[in-house]
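Visitor: predicted model and sequence below, questions to follow.
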Amino acid sequence: MRGEYDAHLQWPFKLKVTFSLIDQSTTNDKRYHIDQFCWPDSTDICFQRPTTDMNTAYGISRFCLLDLFRQKRNCFVQNDTIFIKVEVDLLSEGSNLPLRVGAGQLPSDDEHVDTKDDDLLRIICRDDAL
């Protein structure tokens, strides 16, 4: 997404990014956050300085198994709220290691999606809330 500070940022974007699905349970001493990280491919067009309002989407297609999310949905969804933390490691520099499998696919990449569920809202919400 294009922004007013683009001229002050370094392009292409090549910093490590960590995504965390936060366990909000309060009854459990040991919380179970789901963390995934990725290194951007700085040669990909989506990490270049934006020239239009939006760049091409980028994401981790297998961030959390749907069965695990269903099993622990009461931990991840509280009061109709879900928290996803995004950390950008400002001290990192792009890695020469190959990208991890599952990182960097477009979010709509059906080949890498475990399952499709048209009724996802019902799955993540309590049945009595609908």
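Guide: Great, that's in hand.

Visitor: quick check: which element contains residue 69?
Guide: Residue 69 is located in helix 66-71, with elements delineated by DSSP states H and E.

Visitor: and if you look at residue 87?
Guide: When secondary structure is defined using DSSP H and E, the element that contains residue 87 is strand 84-88.

Visitor: quick revisit: the helix holding residue 69: which residues count as buried?
Guide: Going by neighbour count (16 or more other CB atoms under 10 Å), the buried part of helix 66-71 is residue 69. (Each C-beta comes from the backbone N, C-alpha and C, glycine too.)

Visitor: the most centrally placed residue in the chain pairs with what?
Guide: Centre of the chain computed as the mean C-alpha position; nearest residue by CA atoms, centre = their mean is residue 19, 5.0 Å away. For residue 19, the beta-bridge partners are residue 36, residue 86 (DSSP bridges).

Visitor: after the helix holding residue 69, next one along is what?
Guide: helix 73-76.

Visitor: and the strands in this structure?
Guide: For the chain, the strands defined by DSSP state E occupy 17-21, 34-38, 77-78, 81-82, 84-88.

Visitor: so for residue 60, which of those sits nearest?
Guide: Ranking these by proximity to residue 60 (CB to CB) places strand 34-38 first, at 5.1 Å.

Visitor: would you mark the buried spots in the closest one?
Guide: By neighbour count with 16+ other CB under 10 Å, strand 34-38 contains the buried residues 34, 36, 38.

Visitor: what's the answer for stretch 35-52, then?
Guide: 36, 38, 39, 40, 41, 46, 47.

Visitor: ok, and the closest non-adjacent residue to residue 9?
Guide: Using CB to CB, 6 or more residues apart in numbering and skipping residues adjacent in sequence, the residue nearest residue 9 is residue 49, 7.7 Å away.

Visitor: surely that neighbour is in contact with residue 8?
Guide: No: the pair formed by residue 49 and residue 8 falls short of the contact definition of CB atoms under 8 Å, at 11.2 Å.
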